[in-house]
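> Dropping a prediction and its sequence here:
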Amino acid sequence: MKANRFRFRAWDNIQAEMIDFSDEDESYNAELDEGGDLFIGSHDGLGDWYQSPSDIILMQSTGLTDKNGKEIFEGDVVYIAGVGLCVVKWDKYDAGWLFDTPDNAYGYQDVIEDIEDVRGNIYENPELLEQS
């Protein structure tokens, strides 16, 4: 039996780019030093130090995929049939994934069969928020 691993990606606010930890060809690690600085990089030591929690935003995979097989992460903007564009968020109160629109929020169990595709994410494609 193969255990599922937690999968993450991160938005680098300094470089304005996505770091994809889910790339099977790359191996990443994260270290937190005594001063609270975070290092994210490859095992050969190449990478970046982040000195503020606002420098980098970690996003976890939902474990779900769209109809094209693309993995869905927190912060993604997905199209749901009958609903429209939704932002994927973690609901810390109900401990589950929400698909949020300006007018409503849906639990993943309510929309899982209707998820069409990932259109982008809130960091690389902020214009999608205006369309939702």
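Sure, I can see it.

> list the buried ones in the helix or strand containing residue 85?
In the assignment (DSSP states H and E), residue 85 maps to strand 84-91. Going by neighbour count (16 or more other C-beta atoms under 10 Å), the buried part of strand 84-91 is 85, 86, 87, 88. All C-beta atoms are positioned from the backbone trio N, CA, C, and that covers glycine.

> beta partners of the nearest residue to the last one once chain neighbours are set aside?
What sits nearest to residue 88 in space, not counting adjacent residues and going by C-beta to C-beta, 6 or more residues apart in numbering, is residue 76, at 4.7 Å. Bridge pairing for residue 76 (DSSP bridges) gives the partners residue 121.

> For stretch 86-96, what is the distance to the chain centroid?
12 Å (C-alpha atoms, centre = their mean, to the nearest Å).

> The longest strand along the chain pairs with which strands?
For the chain, the strand with the greatest residue count under DSSP state E is strand 56-65. Applying DSSP bridges, strand 56-65 is found paired with strand 8-12 (antiparallel), strand 71-73 (antiparallel).

> before we move on, back to that, got a markdown table for the buried residues of strand 84-91, with distance to residue 104 and pLDDT too?
Shown next, in a markdown table, are these (distance: C-beta to C-beta, whole Å; pLDDT from 0 to 100):
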| residue | distance to residue 104 | pLDDT |
| --- | --- | --- |
| 85 | 12 | 96 |
| 86 | 9 | 97 |
| 87 | 12 | 97 |
| 88 | 14 | 98 |
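
> Tell me the one of these nearest residue 66?
The closest of the buried residues of strand 84-91 to residue 66 turns out to be residue 88 (C-beta to C-beta; 10.9 Å).

> I figured the closest one was touching residue 98, is that so?
Yes. Residue 88 is in contact with residue 98 according to C-beta atoms under 8 Å; the separation is 7.4 Å.
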